[in-house]
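Engineer: Take a look and give me a structure for this.
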Amino acid sequence: MAQPMPKIFGIVNITNDSFSDGGQYLAPEKTIAHAQYLVDAGAAVLDIGPASSHPDAGAVTPAEEIARLQGVWAPLKALPASLSVDSFQLETQRWAIAHGADWLNDINGFAEPSLYDELADAPCRLVVMHAIQSKGIARRAPAPDGDIWDHILRFFETRLKALEEAGIARDRLVIDPGMGFFLGTDPQASLRVLGGLARLKQAFDAPVLICASRKSFLRAIADVSLAEVGPVSLAAELLATAQGVDYIRTHEVAPLAQALRLWGEAKK
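Structural biologist: Presented below is the predicted three-dimensional model:
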């Protein structure tokens, strides 16, 4: 049987300071046009980010996040793709649930038990991300001592158990090991995780999502600029595909979708 191809999360940043496209899609008409482009290119899910999470990002209040989402939500809901909200802030997550988000994507891995009862009652799926930072955005910090994989596996053992004990069904959960500064300042930590993603598939009965798109560890290892990193991102995404990941979150949907179509045809 041919290996199923991963589904694509297309990144839609409605922010002024995202590390690679800050301000480009902040205006609602540009948000909607970009989202349509990503859907046409092959995105199954639109991951809407109302705030940035890289180490140099400015603080954005939940009210600001919600205002950004409100300005584009209705036309985005009309597109033929699922909608994901990328936020760790509880008020934003509650707004997303109330307005019919299909996914919540939390870089803190749903660290707040006060939300668990509401998550258990909600129909949306959850992307549970690991990061060495337990709260807030990424910071420039070294990875924990020891094997980064030990840290990742312990995190998911604990967090998935807590979510399931709160009544959140396992089939609603997707796990993301984190990449880049979410794994520390050493690019080799991210490279080690990227090369060992099959371990997550073996360790947990849950789909896996990966996002290496344009990240600084790729630029550092390949010695390329942000403008030149597209081919390296695609290589990382295909390495993840070869290890059976279920979802890939990316800025550049079109080249990934094209590569996956070729892969799928060749594997028939």
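
Engineer: mind listing the helices for the stretch 51-200 of the chain?
Structural biologist: Read by DSSP state H, counting those that start in this stretch, the stretch 51-200 of the chain holds these helices, from start to end of the chain: 62-70, 73-77, 90-98, 116-121, 148-165, 187-194, 198-203.

Engineer: elements contacting the third one?
Structural biologist: This means helix 90-98. Where contact means 3 or more CB pairs under 8 Å, 6 or more residues apart in numbering; DSSP states H and E, helix 90-98 is packed against helix 62-70, strand 82-86, strand 103-106, helix 116-121. In this view, the C-beta of every residue, glycine as well, is placed from N, C-alpha and C.

Engineer: ok so, going back, pipe the helices of the stretch 51-200 of the chain into TSV and attach distance to Ala212, mean pLDDT and mean neighbour count per row.
Structural biologist: As requested, the helices of the stretch 51-200 of the chain are exported to TSV (distance: least, CB to CB, whole Å; pLDDT from 0 to 100; neighbours: other CB atoms under 10 Å):
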stretch	distance to Ala212	mean pLDDT	mean neighbour count
helix 62-70	25	95	18
helix 73-77	25	97	16
helix 90-98	25	98	19
helix 116-121	27	98	15
helix 148-165	15	96	16
helix 187-194	6	95	20
helix 198-203	14	90	16
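
Engineer: closest to Leu218 out of those helices?
Structural biologist: For Leu218, the closest of those is helix 187-194, at 8.0 Å, according to CB to CB.

Engineer: what stretches of this structure score poorly on pLDDT?
Structural biologist: Low-confidence segments of the chain (pLDDT under 70): 1-2, 17-23, 55-57.

Engineer: Of the helices and strands packed on helix 90-98, give the one that comes closest to Val245.
Structural biologist: strand 103-106 (15.2 Å).
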